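S.K.: please work out how this folds:
(chains A and B)
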Amino acid sequence: MLQFALRRLLLTIPILIGLSIIVFVFVRSLPGGPAIALLGERATEESLEQIEKTLGLDQPVHVQYFRYMNNVLHGDLGNSVVTRQPVADEIKRQFPATVELGLAAMLFAILVGVPLGFIAAKRYQGVLDQSSLVLSLIGVSFPVFFLALLLKYVFAVKLGWLPTIGRLTVTQDLAHPTNLYVLDAILTGNWPALSDALKHLVLPAIALGTIPLAIVARITRAATLDVISEDYVRTARAKGLERTVIDRRHILRNALLPVVTVIGLQTGLLLTGAVLTETIFAWPGVGRMILQAIQFRDYAILQGGILFFAFVIVFVNLLVDMSYGFLNPRIRVR
Amino acid sequence: MRKRLRLIAAFALIALMTAACAGATDGGDGGDTGEGGNEASATLTFGTSADPVVLDPALVSDGESLRVSDQIYEGLVTLEPGTTEVVPGLAEELPEISEDGKSYTFTLREGVKFHDGTDFNAEAVCFNFDRWYNFEGSFQNADASYYYQTVFGYGGFASKPGSPDSSNYESCEATDESTVVLNIKTPSTSLLAALTLTALTIASPAALEEYEADKGRVDAEGLFRPTGTFSTEHPTGTGPFKFNEWIRGERLVLERNEDYWNAEEQTGNVQTLIFQPIPDPAARLQALQAGEIQGFDLVDPQDYETIEGDENLELLNRPAFNVGYVGFNQAVKPFDDPAVRQAFAHAIDRQEVVDAFYAGQGEVATQFMPPELPGYADDVTEYEYDPEKAKQILTDAGFDLPVEIQFAYPTDVERPYMPDPQANFEAMVQDLEECCFTVQQDSATWSPDYLGKVDTGKYGAYLLGWTGDFADPDNFIGTFFQDEQPAWAHGNKEISDALDAAETETDLDARDELYQEANRLIMEELPGIPYVHTKPGLAFTANVTGYLPSPVSLEPFSIVTVEE
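M.R.: Presented below is the predicted three-dimensional model:
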């Protein structure tokens, strides 16, 4: 097991190096540079040159790349051109917001998606099955930003039940030991803040969780259908086991393996989805940071942010691979 | 055991859900106005497009930093709210200017204190001027000290590696506790208006030093990074609001300055002023509709109708302080011929462009600066839409129709004076081709390609525009035409001379007349066609009153009232 983990870890190194090159080149091929993004029509040739020189952008790209990677290996992701703060600090400060939103979205996707898929499989070809299929198709193909605006319009603007922006009402005080606000509120026993933070989570979590929800539901349904016709399920039925026990122990448990894989794969989807969702809900996370960095051509933030996302995705996938062993002893790697 | 775990989990879930629902009922309105301890005062949350960069006004040029800084800091002179009229600020009256126009004597208000309790006095003023003049490293970059350099000359610092001191700043003398003499090298009549800039407001010297505003380190990339906390945690000025707290990405909180020297002007009831960054314009509007914020800037023109149609909301417009124009580069034929420029002007229907693409927030421009400024001339030559006349002018000048011209527009950009450049361009091209031109079309991404090509004179005719930095004609027509630039290549010495004369004239009425004359000359020469001024929109909830939009966005929240 340990050897497997190590081998997978080593394998991530070339992946990350390759990614860093792609990101570096991609970021620099965007039209315009930070200098012109900062100055706009006020830019003069002289001022552009001066800024590019202080940012090291007058060097050839490969020189810039090696200098950048050298710094990265020394734990320095550079400074934001706009805020002039270290990129690592910016990520550290904003990542908890992204994690909190991602977890909430995943929780929503699993809590709704697994039962939905399971019931659909049990009522195979029934009305419920068909409608869940249609719903999940809509879920997958609905643009996130449109869904977000729609949710906000109905539940915030029209009904006034939920807030539309941010993680907390601006007048709400809360100490931030972990920067995961729900956890912070529980830890500090700040119940008004807990309710406030949860309210702020609902809409963005639904917006971000809808696509994973649809995928989780479909996979659960397919896997359940597979398992339902297995011999051991028939045997269990034949020996007169209670239906709920069969459902839980024999069907659902075995059907969950592919679902776990899919959940792992959703990490990438959640992070990329976070870019849009966070922007629309003014959620101060890494996704929003990346989008704003594109506008300002903030190379350091953009590179650091995308590399960080890539690292998280690779790492979570590694965890998923390793978790197979626990869920299914047959796949335990030698 | 298992059952019990499941029970506990179920309870926890129910508890969380009840907590969320309980909150949903008691805080349903979302917008908490005046919920603080002080019953008499209100909380106003304003939605911004981004966080400020830093709260050291000398080092920023972005609108969000300036907006917040304007509440915290004040300059020697300022603008009458909602206008471009220069009025005394921290100085008791407008300065006495010496005969030669090189020294400005300010008498300061007495009894003014910075937010940290230290005295505002002549020494504090000079401390700030000397600080700017002595900026080093990347503080000298245009993205940091852009405004200082606009006023005192590009690269105008005490020590600039490899170049002599080119600054127009000579010295600042504190002759007594409340008298400051500001000396410059060459007379500049735009200096007074420039001193209203947020970048030239006065910060507390004690705070600047204690919180190391100018300390920093050079990182591995060679970039200078301030390490002090002045601009992020301890911005200290004399203004009507004091800094309280800043959580990047979430909120920036200012509190009313109870010891404000100018309490008479502090007519509003805002006790707590919160700026909340909401990058997406649609999200800003929804937050306003839901009552989470009470106002926001930079309204998307397509939302004007929604806001105006909602009785709970109000749309305000800033007076125009920009100009969108078609520029001609006379180094590219046939634009050297005045007949071509005039025919171009008669061939395009500017009113139609403004009506079609500016959501009712534009007005047709007749000259290169907005009507609010001194020096605006009511009697410049105007070129009405008249394709027949355009043809006539061209044939009279000996051209065979259609005349071939080159015309370019920028892509991937939205400017206040040009929300949709391509739409403007296509409408104009259609007019031009219907009349008497063949247009060779060109385009490039706004930055750096398009701006670079314009600045180096690669295009014949091109779409561009400008938003003013401060309320002075020099900041518009002076920027364009005073010195010869490849973008125009107009070579008209008369215009440059007129602008030189206007800039050095110290008598304000005479100066006004000289700028009017310059505007008349320019529109006769027709180096380009100004076609639009726009009025950017701000939105508020209907219970907010007293906000005065300013052409230069110098807008105090101290006069704003939020009704309960």
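S.K.: burial of residue B:444, as a residue count?
M.R.: As a burial measure, residue B:444 scores 21 neighbours (other CB atoms under 10 Å in any protein chain shown). All C-beta spots, glycine's among them, are computed from the backbone N, C-alpha and C.
S.K.: what sits opposite it in the beta ladder?
M.R.: Each beta-bridge partner of residue B:444 is listed here: residue B:410, as defined by DSSP bridges.
S.K.: residues in contact with the residue in the stretch 101-250 of chain B that chain A sits nearest to?
M.R.: Among the residues of the stretch 101-250 of chain B, residue B:249 lies closest to chain A, at 2.8 Å counting by CB to the nearest CB. Residues counted as contacts of residue B:249 (CB atoms under 8 Å, 6 or more residues apart in numbering or on different chains) are A:93, A:94, A:97, A:284, A:288, A:289, B:51, B:277.
S.K.: quick check: buried residues in the helix or strand that contains the second one?
M.R.: The secondary structure element spanning residue A:94 is helix A:87-122 (assigned by DSSP states H and E). Taking 16 or more other CB atoms under 10 Å in any protein chain shown as the basis for neighbour counts, the residues of helix A:87-122 that come out buried are A:87-88, A:90-91, A:93-102, A:104-106, A:108-110, A:112-114, A:116-122.
S.K.: again with stretch B:145-155
M.R.: Result for stretch B:145-155 [16+ other CB under 10 Å]: buried residues B:145, B:146, B:147, B:148, B:149, B:150, B:151, B:152, B:153, B:155.
S.K.: do stretch B:413-433 as well
M.R.: B:413, B:415-419, B:421, B:424-425, B:427-429, B:431-432.
S.K.: still on that earlier bit, in JSON lines, list the contacts of residue B:249 along with pLDDT and distance to residue B:392.
M.R.: As requested, the contacts of residue B:249 are exported to JSON lines (pLDDT from 0 to 100; distance: CB to CB, whole Å):
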{"residue": "A:93", "pLDDT": "89", "distance to residue B:392": "66"}
{"residue": "A:94", "pLDDT": "90", "distance to residue B:392": "63"}
{"residue": "A:97", "pLDDT": "92", "distance to residue B:392": "65"}
{"residue": "A:284", "pLDDT": "91", "distance to residue B:392": "61"}
{"residue": "A:288", "pLDDT": "89", "distance to residue B:392": "57"}
{"residue": "A:289", "pLDDT": "90", "distance to residue B:392": "58"}
{"residue": "B:51", "pLDDT": "87", "distance to residue B:392": "56"}
{"residue": "B:277", "pLDDT": "92", "distance to residue B:392": "55"}
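S.K.: rewinding a little: give me the three-state assignment for the residue of the stretch 101-250 of chain B closest to chain A.
M.R.: coil (DSSP: H, G, I helix; E, B strand; the rest coil).
S.K.: give me the phi and psi angles of it.
M.R.: As for residue B:249, its main-chain torsions (degrees, to the nearest 10) stand at phi 90, psi -20.
S.K.: list the helices and strands whichever strand or helix holds residue B:501 packs on?
M.R.: Assigned by DSSP H and E, residue B:501 belongs to helix B:493-504. Other helices and strands packing on helix B:493-504, by 3 or more CB pairs under 8 Å, 6 or more residues apart in numbering or on different chains; DSSP states H and E, are helix B:477-481, helix B:508-525.
S.K.: hmm, try it at 6 Å
M.R.: When contacts are defined as 3 or more CB pairs under 6 Å, 6 or more residues apart in numbering or on different chains; DSSP states H and E, helix B:493-504 packs onto helix B:508-525.
S.K.: quick one: strands adjacent to the next helix or strand after the helix it packs on?
M.R.: Using DSSP H and E, the helix or strand that follows helix B:508-525 in sequence is strand B:528-534. Using DSSP bridges, strand B:528-534 pairs in its sheet with strand B:322-328 (antiparallel), strand B:362-363 (antiparallel).
S.K.: most tightly surrounded among those?
M.R.: Of all the strands paired with strand B:528-534, strand B:322-328 has the most neighbours on average by mean count of other CB atoms under 10 Å in any protein chain shown, namely a mean of 24.
S.K.: can I get the helix holding residue B:501 in CSV, CA atoms only?
M.R.: C-alpha atoms of helix B:493-504 as CSV (Å, rounded to 0.1, in the frame of the first residue of the first chain):
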residue,chain,number,x,y,z
LYS,B,493,1.7,74.8,-34.5
GLU,B,494,-1.2,77.2,-33.9
ILE,B,495,-3.0,74.6,-31.7
SER,B,496,0.2,73.8,-29.7
ASP,B,497,0.9,77.4,-29.2
ALA,B,498,-2.6,78.2,-28.1
LEU,B,499,-2.5,75.4,-25.6
ASP,B,500,0.9,76.5,-24.3
ALA,B,501,-0.4,80.0,-23.8
ALA,B,502,-3.5,78.8,-22.0
GLU,B,503,-1.5,76.6,-19.7
THR,B,504,0.7,79.4,-18.5
